[in-house]
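J.: take this sequence and fold it.
(one chain, ligands or ions: 1)
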Amino acid sequence: MIRWLQKLYYPIQAGHYRLERHSMGLALGIIFAASIGGFVEIAPLFTIDETVESAPDMRVYTPLEQAGRDIYVREGCYLCHSQMIRTLADEVDRYGPYSLAVESQYDHPMLWGSKRTGPDLARLGGKYSDDWHVAHLIDPRAVVPKSVMPHYAFLADTPLETASLPARLAALRAVGVPYSDEMIENAARDALGQVRPDSDRGDEVLERYGDDTQIRNFDGDTQRLTEMDALVAYLQILGKLTDVAQVTESAAIEADMEAVQ
Ligand code: HEC
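T.: Numbering: from 1, shown residues only. Below you'll find the predicted structure:
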């Protein structure tokens, strides 16, 4: 076996030796070797139209949810929490249907993350009550005694800055998020409207973002619009902008059942 390998190796070595002494030959050799790696990375993109699902029911983040997302980024929550459920059985058992590419189509920047000091949050929306989130963010140890998560109590005392929201939505439109002129113009008004149920402003949010939009006071303080309102509104919408993942999962289960029968 060793002999046989040696026989194969020596001519390759001799050829390589000759190649190394010709700069053009070596340059072409390097380009060829590097292009294999490049092709392997680019090839999946040729089939992107077939691999990325479409989600006609997908809606954009409301200004309040987007403000919450910006706070999530500012506070570095992504350093401990991922937002992507992989296609592994134990992850699906723990967190729910695996994440689909289309679910992140309006996420700039994406927050898939690469570190899980805490659990994945891709399908967090609706898992806990607003009160639970507020108590947890004010003092994680109050609800999960052994938690190592830092506390963010100041969010409940910090008024939400809304004046820059139209410009933030406009910037997102520039990179492909389909916000309308009306949504951009009314961004600051809608942020407040989302925590005022039974008001004209609340109704306007429903009109612009759809009837499933969650309109309520999120932080328990009805007097002020705080950063806590925004962050909890965002946490409660995670995984709920479209139900394409649930639909895809049940279709896959049905196909399995049919195959078994
Ligand atoms: C130092 C790492 C760390 C950072 C930073 C961090 N977390 Fe956590 N988080 C954890 C850990 C650990 C847990 C699990 C224990 C617990 O529930 O407190 C957790 C749990 C959670 C949960 C409960 C998830 C579930 O499914 O039970 C939520 C929601 C959450 N974090 C939100 C946030 C938000 C929002 C931020 C940023 C403002 C944040 N975390 C920042 C470590 C972190």
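
J.: how is this protein divided into domains?
T.: Following automatic domain parsing, one finds the domains of the chain at 9-44, 63-250.

J.: how long is the last one end to end?
T.: Put plainly, it is domain 63-250. End-to-end distance of domain 63-250 (Cα to Cα, to the nearest Å): 32 Å.

J.: quick one: pLDDT of Ser99?
T.: pLDDT for Ser99: 94.

J.: re the thing from before, check the domains of the chain for me and report the most buried one.
T.: domain 63-250 (a mean of 17; mean count of other Cβ atoms under 10 Å). The way it works is simple: take the backbone N, C-alpha and C, and place the C-beta from them, glycine included.

J.: is that domain up against the ligand anywhere?
T.: Yes. Counting by Cβ under 6 Å from any ligand atom, the ligand has neighbours in domain 63-250: 72, 75-77, 79-81, 117-119, 121, 124, 127, 140, 144, 147-150, 152, 231, 235.

J.: rewinding a little: dump the domains of the chain to CSV, plus distance to Ala259.
T.: Putting the domains of the chain into CSV (distance: least, Cβ to Cβ, whole Å) gives the following:
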stretch, distance to Ala259
domain 9-44, 26
domain 63-250, 15
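
J.: and those domains, which one's lowest on average pLDDT?
T.: domain 9-44 (a mean of 90).

J.: so which of the residues of domain 63-250 next to the ligand sit within helices?
T.: Tyr72, Pro140, Leu231, Leu235 (DSSP state H).

J.: nearest to Leu111 among the residues you listed?
T.: Checking those against Leu111 by Cβ to Cβ gives Tyr72 as the nearest, at 7.2 Å.

J.: next up, the contacts around the closest one.
T.: Counting by Cβ atoms under 8 Å, 6 or more residues apart in numbering, Tyr72 makes contact with Tyr78, Leu111, Leu231, Tyr234.
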